[in-house]
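**Student:** please find the sequence and the predicted model below.
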There are 2 protein chains.
Amino acid sequence: MTKKYDKLVTNALGRIVPEVINGQVAVPFMGIGKYKPAGHRYGPAISSCADYPADGNKLVASLRDALELCGLKDGMTISTHHHFRDGDLIANQIFDIAHDMGVKNLVWAPSASFPCHEYLIKYLEDGTINRIEGSMNGPLGKFTSRGKMAGLAVLRSHGGRYQAIQDGELKVDITVIGATCCDPFGNANGLNGTSASGGLGFALADSQYAGKVVVVTDNLIEFPCVPWQIQGNYVDYTVLVDKVGIPEKIVSGTTQITKSPDRLLLAEMTARFCEVTGIIREGFSFQAGAGGTALAVGDFFYKIMKEKGIKARFARGGSNLYLVKMLEEGYVDFILDGQTFDLDGVRSMAMNPNHLMTTPFTSYNYHGKGNFSGMVDVAILGATEIDVNFNGNVVTHSDGYLLHGIGGWQNCLFSKTVIIPIPLFRDRIPVIVDEVTTLCGPGELIDVIVTERGICINPLRTDLLEKVQGSGLPVVTINQLKEEAERICGKPEKPKFLNEIVAAIKWVDGTVIDSVWKLSE
Amino acid sequence: MTKKYDKLVTNALGRIVPEVINGQVAVPFMGIGKYKPAGHRYGPAISSCADYPADGNKLVASLRDALELCGLKDGMTISTHHHFRDGDLIANQIFDIAHDMGVKNLVWAPSASFPCHEYLIKYLEDGTINRIEGSMNGPLGKFTSRGKMAGLAVLRSHGGRYQAIQDGELKVDITVIGATCCDPFGNANGLNGTSASGGLGFALADSQYAGKVVVVTDNLIEFPCVPWQIQGNYVDYTVLVDKVGIPEKIVSGTTQITKSPDRLLLAEMTARFCEVTGIIREGFSFQAGAGGTALAVGDFFYKIMKEKGIKARFARGGSNLYLVKMLEEGYVDFILDGQTFDLDGVRSMAMNPNHLMTTPFTSYNYHGKGNFSGMVDVAILGATEIDVNFNGNVVTHSDGYLLHGIGGWQNCLFSKTVIIPIPLFRDRIPVIVDEVTTLCGPGELIDVIVTERGICINPLRTDLLEKVQGSGLPVVTINQLKEEAERICGKPEKPKFLNEIVAAIKWVDGTVIDSVWKLSE
């Protein structure tokens, strides 16, 4: 049996990481931009039209038929996308079928997981699934933290997932792509149909590089299905089912503006900071993540832009009601949309040619010839912890439990200015700490921390420090913030980890930036 | 020095072909769908964002700078696209620069060549260019036929070119993509700008697989340039020049409806055949090539559809005024456009979401998981010769001279019905012959020949033979046609070839279907 991990070393950030993960060699983090990849992008096996139906009709009777035709067998890697978010109906079905077929030891490589996937714990327990390479939210995270996963979990950012699949580091044997519109040939999108979920960008790498590609839809239309967000020329089989996803559940959790007065204050301070430092200017660009605070920042930007009569060139990120409003009112020229967060976003992407689907390839892939993230003037992100060296954590909480995926967070750190608005403490646990529990992003990429007790600027950003002088903004140092937090909450206790790694955190270049350690029950 | 070719064998069609071409092993044609590719798609070297400008600005001062930065050196393969057709201003410049730099022995891999490229003969003569892998029209064809090219010319269809690049059979070191709209990052299209040329599909494979990718534009806009027909994430350098192409020359030669009464008769007979056999029906699909006769067929289709009140699901092919009219009047739901043939096509693609850019990947790549060509109900194609076994020739004339590229012709042979309307003779030289001078497409894929002296149906298509019974259509056998031609023109003399091969003709799967032989001056 393959060891979960082997050969621990200390990486360039002083974190202990394995050099062998699930039997595969891994490179420890070497510093930002320091690791130079060798080798070539992965090339899937060459196909021939001779092996596909001459009339282009790739329909098979059921998902099970498709998986059998794909040759589903022990040890394979199966991937899914998360455009339905908590309304996904595909992943659980796949592993039900695998379990029925008696297939064992699979790797599940979702682009993200959601609470609905708690269902899969039984398959992690009975050996149907060996491990998850992707993200482990909530119950799946707790399961992982307790050391119950047979293999070592691997967490990657959205861009890192594209990179890993492109580079052949993560070889997907079978991908199943849920699409709300599809033709028999496999051209597919998420824009049309009763379950419409928006773009299908997170399934791009899978469609391009997986050995076998299955598209499942509840809305089969005559060729051609356009736009072909997923190209049928990559697809092996198509399947018609009753229901492919629950669109109401796309709007889940973090996709609505916060109503908390504390969070609104953070958002307002962040927007004010961007105003004072000249980040908000004619033709600027911004990305606000999925969190309620980040969304509120976007809304404050809107108010400032409206007041000043200026517009942004583009807004990156998950689209939602608020961004769509800005686009429709002419306050942004383009939405470059990686993930549609609500039904307004879905509608806008379907109708508005300036609301563009982006993919982890265009936006985040660090092993491309550049990507979009470096062109974004300011990214507003969240974090579970920030330490006094500005290092950030987004996957574990201070109690040590793995509870979140990385999402696009690491990728967005390459924006020109990265701002993290966070409360100084949550549930009386400080958010600004001596050292993050898990290091997901190096401090040199994190520029500004905005808290209700003051704003601190990374000393590396002397330009920003100059610009805020005389602004009246409550600028403090990160140590002041940490001490303030500890004064109020007391020095936080460190989690008591056992001496075993349960998950590896990948950096955007595929190197291992940190490990997640086991907790007892 | 590498031999032009080696190891002659007889392939499955009885044609003599080399098993080694320019030092590289080649597979002789084995029959349609018989060759099963092994191995994996080509993977270019993995890039890192660390090696690209953080702000996404990849502009360099000149094309020469770009080529130097790309490391242009002896023996490299340089590719260009032909979306400007005879208005291309890029290819000649590249080789001027290469010549200035003293670089030798290059391979030019255009997606097609045009009369404007006669200019490159001097570089073929002085050793700057070793050979062309792509197409050789007019003067370049004559030059090749006379054995003057240092290396062996290789001709591929549009789909075969994608296949060869994808499979790593044709490794492009540097591609230069002319685009009429581009941002500094390299996102590019051919839709906007004063030189607008339409889609850039023929440059797709090059952008995805070339070692270095340069985009040259005369219309640099702020990021993001949308739609990004070419994705900046594949691009190394961008260059701003005064003029990238001559849009008036896009409309060249074969893109206007014939005015010849003889050709119009052929077109009308073809349309009538499609009507009688039920090919023209609600929801059908068709592809008409670039020739004047093929365009006229489309126009006759239009008249029939209008009369009967039916519409087509989609039209494939180069777009032009006539197809655009059908789209705008609702007689076709979609144009799936591989190549914009006139400025009406350019305008329509830019404005109409149902006028879609397709690429050789979606439409023609035989080493994909299917492609669009098999879904087309009827393709109307041309030929220089058809023999009594229905084999077709599109590259040489009966005098033996190489004068045309293959274009999408081979790829379109996979349509459900292939009809070739041709005159029985041209300049008193029969078009229906005993044996084609060069075999570009096997007879089993060619269904119907329409001539002014009768229509002949491939005996394999018993279904069509049944349908025309009692229709009054002048159905004859191919031997009757050949004899009629010979009765009028006399038995044609065979060209006197020398015992040397000057070009290899690839089939859609990369195998060698025929050779072109040398002629004396």
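**Tutor:** Thanks, I have the structure now. Numbers count the residues shown, from 1 in each chain, chains lettered A, B, ... in the order given.
**Student:** residue contacts, the most centrally placed residue in chain A?
**Tutor:** Among the residues of chain A, the one closest to the centroid is residue A:407, at 1.7 Å (Cα atoms, centre = their mean). Taking Cβ atoms under 8 Å, 6 or more residues apart in numbering or on different chains as the contact definition, residue A:407 lies against A:112, A:135, A:157-158, A:289-290, A:394. C-beta here means a position set from N, CA and C on the backbone, and glycine is covered the same way.
**Student:** give me the distance between it and chain B.
**Tutor:** From residue A:407 across to chain B, the span is 18 Å (Cβ to the nearest Cβ, to the nearest Å).
**Student:** pretty sure that residue is in a helix, no?
**Tutor:** No. Judged by DSSP: H, G, I helix; E, B strand; the rest coil, residue A:407 forms no part of a helix; its state is coil.
**Student:** report the backbone C-alpha coordinates of stretch A:393-406 in PDB.
**Tutor:** Only the C-alpha atoms of stretch A:393-406 are listed here, as PDB (Å, rounded to 0.1, in the frame of the first residue of the first chain):
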ATOM      1  CA  ASN A 393      -4.300  31.200   6.300                       C
ATOM      2  CA  VAL A 394      -7.600  30.400   4.600                       C
ATOM      3  CA  VAL A 395      -8.000  26.600   5.100                       C
ATOM      4  CA  THR A 396      -7.800  25.900   8.900                       C
ATOM      5  CA  HIS A 397      -9.200  27.800  11.800                       C
ATOM      6  CA  SER A 398      -7.100  28.600  14.900                       C
ATOM      7  CA  ASP A 399      -8.400  25.400  16.500                       C
ATOM      8  CA  GLY A 400      -6.500  23.500  13.800                       C
ATOM      9  CA  TYR A 401      -9.400  22.100  11.900                       C
ATOM     10  CA  LEU A 402      -9.400  22.100   8.100                       C
ATOM     11  CA  LEU A 403     -12.600  23.700   7.100                       C
ATOM     12  CA  HIS A 404     -12.200  25.500   3.800                       C
ATOM     13  CA  GLY A 405     -10.700  25.200   0.400                       C
ATOM     14  CA  ILE A 406      -8.200  27.600  -1.100                       C
END
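**Student:** so what does the residue nearest to the centre of chain A look like in phi/psi?
**Tutor:** Backbone dihedrals for residue A:407, given as degrees, to the nearest 10, come out at phi 60, psi -140.
**Student:** again with the one 5 residues further on
**Tutor:** Here the main-chain torsion angles of residue A:412 (degrees, to the nearest 10) amount to phi -70, psi -20.
**Student:** any weak-confidence spans in the stretch 251-400 of chain A?
**Tutor:** Counting by pLDDT under 70, the stretch 251-400 of chain A contains low-confidence ranges at A:251-255.
**Student:** up against chain B, what does it have?
**Tutor:** For the stretch 251-400 of chain A, the contact set with chain B under Cβ under 8 Å from any Cβ of the partner chain comprises A:283, A:313-314, A:334, A:336, A:353-354, A:356, A:361-362, A:365-372, A:374-375.
**Student:** sorry, back to before: please report the distance of the residue nearest to the centre of chain A from residue A:392.
**Tutor:** Here the criterion is Cβ to Cβ, to the nearest Å. By it, residue A:407 lies 13 Å from residue A:392.
**Student:** just the strands in the stretch 251-400 of chain A please.
**Tutor:** In chain order, the stretch 251-400 of chain A shows strands spanning A:285-288, A:312-319, A:332-340, A:355-357, A:378-380, A:385-387, A:392-393, with DSSP state E, counting those that start in this stretch as the criterion.
**Student:** for the stretch 101-250 of chain A, which residues are neighbours of chain B?
**Tutor:** Close to chain B, as judged by Cβ under 8 Å from any Cβ, the stretch 101-250 of chain A has residues A:166-168, A:185-186, A:213, A:222-224, A:226-228, A:231-236.
**Student:** mind doing that once more with 6 Å?
**Tutor:** Taking Cβ under 6 Å from any Cβ of the partner chain as the criterion, the neighbours of chain B within the stretch 101-250 of chain A are A:167, A:223-224, A:226, A:233, A:235-236.
**Student:** could you check the pLDDT of the residue in the stretch 151-300 of chain A positioned nearest to chain B?
**Tutor:** In the stretch 151-300 of chain A, the residue found nearest to chain B is residue A:233; the distance is 4.2 Å by Cβ to the nearest Cβ. Residue A:233 is assigned a predicted lDDT (pLDDT) of 98.
**Student:** can you count the residues close to the nearest residue to it once chain neighbours are set aside?
**Tutor:** Setting aside the residues directly before and after it, residue A:233 is nearest to residue B:368 in space (Cβ to Cβ, 6 or more residues apart in numbering or on different chains), at 4.2 Å. Here the count is done by other Cβ atoms under 10 Å in any protein chain shown, and residue B:368 has 27 residues near it.
**Student:** now residue A:332
**Tutor:** Residue A:332 has 27 neighbouring residues, counting by other Cβ under 10 Å.
**Student:** quick one: residues contacting it.
**Tutor:** With Cβ atoms under 6 Å, 6 or more residues apart in numbering or on different chains as the criterion, the residues that contact residue A:332 are A:312, A:315, A:326.
**Student:** output those residues in JSON lines; the columns should cover neighbour count and distance to residue A:14.
**Tutor:** Rendered in JSON lines, the data for the contacts of residue A:332 read as follows (neighbours: other Cβ atoms under 10 Å in any protein chain shown; distance: Cβ to Cβ, whole Å):
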{"residue": "A:312", "neighbour count": "23", "distance to residue A:14": "39"}
{"residue": "A:315", "neighbour count": "28", "distance to residue A:14": "36"}
{"residue": "A:326", "neighbour count": "20", "distance to residue A:14": "42"}
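**Student:** just the residues you listed now: which is nearest residue A:441?
**Tutor:** Of all the contacts of residue A:332, the one sitting nearest residue A:441 is residue A:315; the distance, using Cβ to Cβ, is 21.7 Å.
**Student:** follow-up on the earlier one: tell me how far the residue of the stretch 151-300 of chain A closest to chain B lies from residue A:292.
**Tutor:** With Cβ to Cβ as the criterion, residue A:233 and residue A:292 are 40 Å apart.
**Student:** one more: residue A:318?
**Tutor:** Using Cβ to Cβ, one obtains 12 Å as the distance from residue A:318 to residue A:292.
**Student:** do the same with residue A:39
**Tutor:** Computed with Cβ to Cβ, the distance linking residue A:39 and residue A:292 is 42 Å.
**Student:** and the closest residue to chain B within the stretch 51-200 of chain A, how far is that from residue B:375?
**Tutor:** The minimum distance from the stretch 51-200 of chain A to chain B, using Cβ to the nearest Cβ, falls at residue A:52 (4.0 Å). Taking Cβ to Cβ as the criterion, residue A:52 is separated from residue B:375 by 11 Å.
**Student:** between those two, which has more neighbouring residues?
**Tutor:** Between residue A:52 and residue B:375, counted using other Cβ under 10 Å, the more crowded position is residue B:375 (27 against 23).
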